[in-house]
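When you get a sec, could you give me coordinates for this:
(chains A and B)
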Amino acid sequence: MKSWQGSLFLVLLLASASPSEAWDCIRTRRGDAASPCVRWRSSPVVVRSFLGSPPRSLANGTRTWDDNAVLAAEEWNGLGGPVRISLEIGGTFRSPCGAQGPRHACDNTGPAGDNPILFANDFCGRDFGDIIQLTNNCFRPDTGEMIAAPVFINAGVLWNAYDGPIRFDLSTGTPVPVYDIRRVLLHELGHVLGLAHPDEAVPPQQVTAIMNSRVSGIDRLQPDDINGYFSIYGSGPPGPAPSPSQGCMLVAPSGQLPAPLWILLFLAGLRLRRSAGMKKTGTTGKVQSQGPSACRSL
Amino acid sequence: MCSRRLWLALALACAAPLLSLPVRAGALVVVQRDFAQLVSGAEQVVEGTVVAVEEAPDASGIQRTLVTLADLLVLKGQVAGDRFVLDVAGGEKGGLRSSVLDLPELRLGERYVLFVAANGRAVFPVVGVWQGVFRVVRDDERQAEVVTTYDGSAVTGRAGRNLLRRRQPRGGEKAVSVQEFRNWVLEEASSPSR
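Residues are numbered from 1 along each chain as shown, chains lettered A, B, ... in the order given. Below you'll find the model as predicted:
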């Protein structure tokens, strides 16, 4: 890569951004945008998928729900950031439901570091209502350390796995949404990592993001999601939250760009990063950065 | 070759603003509900001001957040007493906080219209979660209280079963007054089809 090409990309990226709108994170004090982001202090974050298999293959060609959890984790890990998700399928299941105690770090979570993904008919006895999935984040408000984050998927709605616009089941004569498990898990793993909804931030942000709380055809991480991840974790090893001045150039406060421009800039950035040495390894598809980090490669 | 592709990408990126439209986007979190469904699905529709947000354990020792609304107007259903307590999952205990991120936050001193269902039994007992939470805010220019959605978009009208909402109302559009919004709820609740 020629250095002037990277410089041009960076100049275009920054020149296009305005500081008014951006990602949001889980805060140590809810509703206080000045309080620190909650974050994991070590990597990898082990997440265990207990979703199992549907009766037949899914529309995106995968065979199991768990495969889609792996794909969602791969997408986050593909950023090459300092905190990875180690997505494991099955293992010892500890019910997250129960009051805080030796087996529950918080109410309705498992012990520290236990992050199952499960289908459930309710959230530990409470109806989901119109919620189709949720993550119960358990953290220390005083230090901002994430402790546990089980993910509950509502078993009472229709699921499949597909890309693109939201699909509907018409078999009953009334269109019923069929939710895409992969993008939903991508969203929930964002919560596991500490990201919140930008459209519910204070003040609300209007950005294109998988982390928004609204329905759309968005099915992949967007630049705003990526900015959020790197702003929480920086590009070095996990540890105390970086001060705002410690962020790298890529994670400078982002603005609202027209979606196509963001996507193209992101793709151009990925291309530059790839040339700096990204390698896909292993059958689980975990991606490890072997070269400079995303920020430094710029 | 690589250089050519890069330049092509950059050229397209520069042209993109000319081609793009504003995008309202997000991920799936809740079942979508229209206004008619909000009304029909609600056991109570209450308007009130948040006067307390407290955390307390339920009978099984699980922490929950209790949001108390006062200065109540009950637009559908019945409420015992002059206050209404919304029972929401999650809270802080033992120096640790459990927080369900997908839930709206009702803030002290703010006034809301809530379409309540399964209070005390659901994670967030409002139909459509954020969709059934409306803010009542002061419009100083009009000297009136108007209604916005939870995310601050102005509710500007109705179209069939749906509400019209605008992030930034265009010329001539205004957020509806809270009185007009109340009337919509009452009309919808008394509709023979409900």
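
now the helices for chain B?
Per DSSP state H, chain B carries helices over the ranges B:2-19, B:35-41, B:178-190.

swap in the stretch 101-250 of chain A?
With helices called from DSSP state H, counting those that start in this stretch, the stretch 101-250 of chain A shows them at A:181-193, A:223-233.

Does A:Ser86 touch A:Val45 like I think?
Yes. Counting by Cβ atoms under 8 Å, A:Ser86 touches A:Val45, with 6.8 Å between them. Just so you know, the C-beta spots here come from the backbone N, C-alpha and C atoms, and that holds for glycine as well.

More neighbours: which of the two?
A direct count of neighbours by other Cβ atoms under 10 Å in any protein chain shown for A:Ser86 and A:Val45 places A:Val45 higher, at 22 against 15.

hmm, back to that, nearest to chain B, out of the helices of the stretch 101-250 of chain A?
Proximity to chain B (Cβ to the nearest Cβ) singles out helix A:181-193 among the helices of the stretch 101-250 of chain A, at 3.9 Å.

Next, the angle helix A:223-233 makes with that closest one.
Here helix A:181-193 points in a direction 30 degrees away from that of helix A:223-233 (axes from the mean of the first three to the mean of the last three Cα atoms, to 10 degrees).

who's in contact with A:Asn154?
A:Phe119, A:Ala120, A:Asn121, A:Phe128, A:Ile131, A:Ile132, A:Gln133 (Cβ atoms under 8 Å, 6 or more residues apart in numbering or on different chains).

just A:Leu193 next, same as before
A:Arg39, A:Trp40, A:Val45, A:Trp76, A:Val83, A:Ile85, A:Tyr229, A:Ile232, A:Tyr233.

filter those residues by proximity to chain B?
Counting by Cβ under 8 Å from any Cβ of the partner chain, the subset of those that neighbours chain B is empty.

Could you provide the residues you listed in CSV, with additional columns for distance to B:Tyr112 and pLDDT?
Formatted as CSV, the contacts of A:Leu193 follow (distance: Cβ to Cβ, whole Å; pLDDT from 0 to 100):
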residue, distance to B:Tyr112, pLDDT
A:Arg39, 31, 95
A:Trp40, 34, 97
A:Val45, 35, 97
A:Trp76, 35, 96
A:Val83, 36, 96
A:Ile85, 36, 97
A:Tyr229, 32, 95
A:Ile232, 30, 94
A:Tyr233, 35, 94
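
Let me know the closest of the residues you listed to B:Val30.
A:Trp76 (22.5 Å; Cβ to Cβ).

May I ask you to confirm that the closest one belongs to a strand?
No. Counting by DSSP: H, G, I helix; E, B strand; the rest coil, A:Trp76 falls outside a strand, being helix.

in terms of contact, does it touch A:Leu189 like I think?
Yes. Here A:Trp76 reaches A:Leu189: they are 5.6 Å apart, a contact under Cβ under 8 Å.

joint contacts of the two?
A:Ile85.

The chain: strands as residue ranges?
The chain I'm using is chain A. Along chain A, counting by DSSP state E, strands occupy A:24-25, A:45-49, A:85-89, A:116-120, A:133-140, A:145-148, A:151-154, A:158-160, A:167-169, A:176-180, A:195-196, A:278-280, A:287-289.

was after chain B, sorry
Counting by DSSP E, the strands of chain B are B:44-57, B:63-76, B:84-89, B:91-93, B:96-100, B:111-116, B:133-139, B:144-149, B:154-159, B:162-166.

List just the one of the ones you listed that sits closest to B:Arg182.
Per Cβ to Cβ, nearest to B:Arg182 of those: strand B:63-76, 5.9 Å.
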